[in-house]
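Visitor: Sharing a model prediction with you, sequence too.
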Protein chains: 2
Amino acid sequence: MGQPANSRWKEKEQMKPNSKLTLFWFVVVALAFAATVTHAQDPLPSWNDTATKKAIITFVDRVTKEGSPDFVAPAERIAVFDNDGTLWAEQPMYFQGLFLVDRVKALAPQHPEWRTKEPFASLLKGDMKGVAAAGEKGAIEMLAATHTGMTTEEFEQMMRDWTATAKHPKTGRLYTEMVYQPMLELLAYLRANGFKTFIVSGGGIEFMRPWTEKVYGIPPEQVVGSSVKLKFEMRDGRPVLVKLPAVDLNDDKEGKPVGIQSRIGRRPIAAFGNSDGDLQMLQWTTAGSGPRFALIVHHTDTEREWAYDRKSHVGKLDKAWDEAVAKGWTVVDMKNDWKRVFPWE
Amino acid sequence: MGQPANSRWKEKEQMKPNSKLTLFWFVVVALAFAATVTHAQDPLPSWNDTATKKAIITFVDRVTKEGSPDFVAPAERIAVFDNDGTLWAEQPMYFQGLFLVDRVKALAPQHPEWRTKEPFASLLKGDMKGVAAAGEKGAIEMLAATHTGMTTEEFEQMMRDWTATAKHPKTGRLYTEMVYQPMLELLAYLRANGFKTFIVSGGGIEFMRPWTEKVYGIPPEQVVGSSVKLKFEMRDGRPVLVKLPAVDLNDDKEGKPVGIQSRIGRRPIAAFGNSDGDLQMLQWTTAGSGPRFALIVHHTDTEREWAYDRKSHVGKLDKAWDEAVAKGWTVVDMKNDWKRVFPWE
């Protein structure tokens, strides 16, 4: 079928925008592809291209290059991470402390005696100075009241409920959203390079395990933490484990190498922390032979997160910082080394 | 070039043996291939085709079949194994006891006081009744003298030396050769089906870890065992962990579910034991929801291994056997269910 000349011209006119569209889509696809390639080449996109990022990548390249004298067999590629202040935030106080406050409030109706008993009375009135005045003894009493006496299954359910609903007082985010995007990338990068990633935290082991797999990709059996003693009991013919008010492992400071040896049984080749509580873990890790990596997250970002170190009541970084400088450990300057802090930014 | 008739005939003659050889090799290759196929089809070649083997395979098929209501995600496929009497032999006494005897003898020159101090004096004279008379207190003293006071690295080296040289008193084999071939196959079969295999043993954790990876394919971080408390110390600027004479975890009976919860943090879906010391681990495992598997190795083979159960001073199987029968757990009759006991048979 023949077409009139003007019809043909119109067709050409119509083609023009089409051609532009084609070109447009070609550019979009090309850019998308380029972005994919760039992303594939950069395993740590939320880290700025500083010496810190370079130090991490250099170490991983060294230990994974077969035939190199620094090559480490995959089975020995154990990496340990502190949790509070290293994988997730710890301000205005350790999140487990905020959980404790929520639990005391939730349990208060069943404990009328708390209205006059310290430190419960102060806590229920929101008087944190009064709580602090009760000291370690008071803290232990509150821990016992909120973290023990129930079965491990009951506590796990409590944790699942809390992490699904409780919000951070400053950001209004779920606590499991208060995790550091650069560290999530680092965990994934190490695992992609044959590392087995563990948490070694002063926080409670049963406080972390219900959510670490989903949030960090770290399964419960790779979580080491502080714990209370457990008691095996039969209840109506069914076995349960009851959490007792007695410390089993205080997985902080000198307790971290103990936790590593007793729960993991191999010396890590890489350790990541942020405070003096991690010093012995970093010492223990770097004292092994062959290539070792030690990293400290220094909180320097008042805008996007918090800035604190030597004088902080939470996550104090003093001695470990000095030792990091003396020994040439890698220190993250959060403000300058991290392109993004939280996943939702 | 032409050939004389007799040369051609010779060629034919020569072909005959060649043809036979070809046929011979074809048969060999075919048989080898068939054997490979048979082997590939039978993941448990050292198990006789009894109900026990069928029960194991049926369970694994159930939990690994995607889309089935009994399907268990790989992350939840935790299998726990007792060690003494389940993965390796435990007669004439727990091998750790034989290690202790060797250590007391090796250390005796440095301890002249042991010549008159019980139970060391009896042990050094080979008077095991005298050793037994010292009871639990005596046993703890000997354990403290042989298993504590040194660093974890020193103890690990001691273990490596002992397992490389010490021989079983009856078979003359290395202790690490006293392992059960059918159980090695079972471990490999479970792992090939996405299971993570753990040891949960009353034996010492530092006694097992130096060799479990090589012998069972179970890495140190998947070994749970009895342990003593550890102390972090700096020695000449180098951190060490010292083994203290104080129990940290008694990973036997009620201690096994405690060890599972505190070290693994997930309830296993399959548990393998052989004595009353495993009863609570089997109860804890089978009390979870969904498909569960519990197996007890019953030592019934006086010819190839040992036969013992209700009245044995080692690996007593009494209450756990009754419960196995009552609850329909799988009980291995070693004599009839195992084609082969040890790898070197």
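Guide: Yep, that arrived.

Visitor: Show me where the stretch 1-150 of chain A has its strands.
Guide: All strands of the stretch 1-150 of chain A, identified by DSSP state E, counting those that start in this stretch, fall at A:78-81.

Visitor: need the residues of it near chain B, please.
Guide: Residues of the stretch 1-150 of chain A that fall close to chain B, judged by C-beta under 8 Å from any C-beta of the partner chain: A:75, A:78. Just so you know, the C-beta spots here come from the backbone N, C-alpha and C atoms, and that holds for glycine as well.

Visitor: Show me where the stretch 1-150 of chain A dips below the pLDDT cut-off.
Guide: Residue ranges of the stretch 1-150 of chain A with pLDDT under 70: A:1-40.

Visitor: Work out which residue lies at the spatial centre of chain A.
Guide: residue A:87 (2.2 Å; C-alpha atoms, centre = their mean).

Visitor: That residue reaches residue A:197, doesn't it?
Guide: No: counting by C-beta atoms under 8 Å, residue A:87 stays clear of residue A:197, with 10.1 Å between them.

Visitor: Which neighbours do these two have in common?
Guide: Residues touching both residue A:87 and residue A:197 (C-beta atoms under 8 Å, 6 or more residues apart in numbering or on different chains): A:81, A:187, A:216.

Visitor: Would you reformat the residues you listed as CSV and include neighbour count and distance to residue B:66?
Guide: Converted to CSV, the shared contacts of residue A:87 and residue A:197 look like this (neighbours: other C-beta atoms under 10 Å in any protein chain shown; distance: C-beta to C-beta, whole Å):
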residue, neighbour count, distance to residue B:66
A:81, 27, 33
A:187, 22, 28
A:216, 23, 26
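
Visitor: Is the closest residue in space to residue A:83 that isn't next to it in sequence in a helix, a strand, or coil?
Guide: Leaving aside its sequence neighbours, residue A:83 sits nearest to residue A:201 (C-beta to C-beta, 6 or more residues apart in numbering or on different chains; 3.7 Å). At residue A:201 the chain is in strand, as set by DSSP: H, G, I helix; E, B strand; the rest coil.

Visitor: Repeat that for residue A:218.
Guide: Under the three-state scheme (three-state DSSP), residue A:218 adopts coil.

Visitor: how deep is it tucked in, by neighbour count?
Guide: 23 (other C-beta atoms under 10 Å in any protein chain shown).

Visitor: Please list all residues in contact with the residue lying closest to it once chain neighbours are set aside.
Guide: What sits nearest to residue A:218 in space, not counting adjacent residues and going by C-beta to C-beta, 6+ apart, is residue A:212, at 4.6 Å. By C-beta under 8 Å, 6+ apart, the contact set of residue A:212 is A:199, A:218, A:219, A:220, A:223.

Visitor: Try it again at 7 Å.
Guide: A:199, A:218, A:223 (C-beta atoms under 7 Å, 6 or more residues apart in numbering or on different chains).

Visitor: Among those residues, which one lies nearest to chain B?
Guide: residue A:223 (6.4 Å; C-beta to the nearest C-beta).

Visitor: Okay, and the beta partners of that closest one?
Guide: Residue A:223 has these beta-bridge partners by DSSP bridges: residue A:199.

Visitor: these two touch, right, it and residue A:209?
Guide: Yes: if you go by C-beta atoms under 7 Å, residue A:223 and residue A:209 touch, sitting 5.1 Å apart.

Visitor: Now do the shared contacts for those two.
Guide: residue B:265.

Visitor: mind listing what residue A:60 touches?
Guide: A:190, A:193.

Visitor: who in the stretch 151-300 of chain A is up against chain B?
Guide: A:152, A:209, A:219-221, A:223, A:227, A:230, A:232, A:238-239, A:241, A:248, A:254, A:257-258, A:261-266, A:280, A:283-284, A:287 (C-beta under 7 Å from any C-beta of the partner chain).

Visitor: Of these, keep whichever come out buried.
Guide: Applying 16 or more other C-beta atoms under 10 Å in any protein chain shown to those, the neighbour count classes A:152, A:209, A:219-221, A:223, A:227, A:230, A:232, A:239, A:241, A:248, A:254, A:257-258, A:261-266, A:280, A:283-284 as buried.

Visitor: Filter these down to the ones in helices?
Guide: A:152, A:209, A:257, A:258, A:280, A:283, A:284 (DSSP state H).

Visitor: Could you dump the residues you listed into JSON lines and include distance to residue B:177 and pLDDT?
Guide: As requested, those are exported to JSON lines (distance: C-beta to C-beta, whole Å; pLDDT from 0 to 100):
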{"residue": "A:152", "distance to residue B:177": "39", "pLDDT": "98"}
{"residue": "A:209", "distance to residue B:177": "38", "pLDDT": "98"}
{"residue": "A:257", "distance to residue B:177": "34", "pLDDT": "98"}
{"residue": "A:258", "distance to residue B:177": "33", "pLDDT": "98"}
{"residue": "A:280", "distance to residue B:177": "39", "pLDDT": "98"}
{"residue": "A:283", "distance to residue B:177": "39", "pLDDT": "98"}
{"residue": "A:284", "distance to residue B:177": "34", "pLDDT": "98"}
